[in-house]
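[1] let me see the structure of the following:
(2 chains)
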Amino acid sequence: MPSCDFLHVQAYDGIVLAKVAKERLLDAAAINSLGEGLNQLLDRYPKISLVLDLSEVGYLSSAVLGKLVALHKQVKTLKGRMALAGMKPAILPLFKVTNLDKVFEIHAEAQLALIAYRKKPL
Amino acid sequence: MAAVRILDDPVPWPAEPVLDQSWPSRVDLKQQVIDAIAAPILAAGAVTENERPWLLLCLDEVIVNAMLHGNEGDPTLLIRTAVAIDAGTWTVVVADHGEGFSASAVPDPEDPDSLLLEHGRGIRIMLQWLDQLTYYQRGTAVVLARHRPGAT
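    Coordinates of the predicted model:
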């Protein structure tokens, strides 16, 4: 299991749902811990179908966006795929203004992302 | 959206700050610094509760930048912070002892080559919410400002 204690992971039929159970993703320790936890997921599931549930995240910094971009690049390199889901209205504009909404597959809810991945297995 | 400005002008420290305090460049103090700056702004109702995430995000960006990039995390170097609030606007000033930066160092999010960089989004994000984001003295000090709710 990931070392990040606020990253809750469940695997369904080859699809990994990882929920970030933390409201504030601002301090370096939390951001680094999240990065480590996500990297461990890729070690365990190299060709991953990852749904990252951000529904509990109310605050994040641009450093978190950097971690997500790094993860996205790794996932693509390993021929996997990832989606972000459940973002609060206050968080979504951060992705739009940085054009990252064009980089990430974004779903309103984690369940919708899971359904989309089930319909199109890797 | 506001545009970032980088000037060589002297830092316009507020004449009547509600906070003017210096802090060692220790990241473990970051939250304390952010809370100290945000407290008078929130207490004055100069930022709505709905906008609190934006305020904290902007403060996080400039405090981390001053401590880690400006002062390179040297705890013997101080960052100076000031807050001013008037009838129409709140203003935050943060200064470090670094060498600053140039506008060319800020990635353009419209450039496909910069889209997947892992850094360089902070300014773009802050500009989305702030009415003013101006860097002084080659980027070693920054002024953030936004109109209060209902002010024009």
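[2] where in chain B is pLDDT low?
    Counting by pLDDT under 70, chain B shows low-confidence ranges at B:1, B:109, B:152.
[3] and if you look at chain A?
    Looking at chain A by pLDDT under 70, you get A:1-2.
[4] helices of chain A, residue ranges please.
    Assigned by DSSP state H, chain A shows helices spanning A:28-44, A:62-77, A:92-97, A:110-119.
[5] buried set for the second one?
    In other words, helix A:62-77. If you call a residue buried by 16 or more other C-beta atoms under 10 Å in any protein chain shown, then helix A:62-77 has these buried ones: A:62-72, A:74-75. Every residue, glycine included, has its C-beta placed from N, CA and C.
[6] chain B next: which of the residues you listed are close?
    A:62-63, A:65-67, A:69-70, A:72 (C-beta under 8 Å from any C-beta of the partner chain).
[7] can you list the residues of chain B near chain A?
    B:1, B:27, B:30-31, B:50, B:53-54, B:56-57, B:60-61, B:64, B:109-110, B:115-119, B:121-122, B:124-125, B:127-128.
[8] who's in contact with B:Leu56?
    A:26, A:59, B:34, B:38 (C-beta atoms under 8 Å, 6 or more residues apart in numbering or on different chains).
[9] so the spatially most central residue of chain A bridges to which residues?
    Centroid-nearest residue in chain A: A:Leu52, 3.1 Å away (criterion: C-alpha atoms, centre = their mean). With DSSP bridges applied, the residues forming beta bridges to A:Leu52 are A:Ala18, A:Leu84.
[10] can you map out the strands along chain B?
    B:5-6, B:19-24, B:78-85, B:89-95, B:132-136, B:141-147 (DSSP state E).
[11] ok, residue 89 - how many residues close by?
    Since no chain was named, I'll use chain A. Here the number of neighbours of A:Pro89 (other C-beta atoms under 10 Å in any protein chain shown) works out to 7.
[12] can you look at chain B instead?
    By other C-beta under 10 Å, neighbour count at B:Thr89 equals 15.
[13] next one: it from A:Tyr45, what distance?
    Distance of B:Thr89 to A:Tyr45, given as C-beta to C-beta, to the nearest Å: 50 Å.
[14] list the buried residues of stretch A:94-104.
    A:94-95, A:97-101, A:103-104.
[15] repeat for stretch B:141-152
    B:141-146, B:148.
[16] tabulate the contacts of B:Leu56 in CSV, adding columns for distance to A:Ala90.
    Conversion of the contacts of B:Leu56 to CSV gives the following (distance: C-beta to C-beta, whole Å):
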residue, distance to A:Ala90
A:Leu26, 13
A:Tyr59, 8
B:Ile34, 17
B:Ala38, 16
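[17] those residues, buried ones only, as a ChimeraX selection?
    Listed next is the ChimeraX selection for buried residues among those, using 16+ other C-beta under 10 Å:
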select /A:26,59 /B:34,38
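[18] thank you, goodbye.
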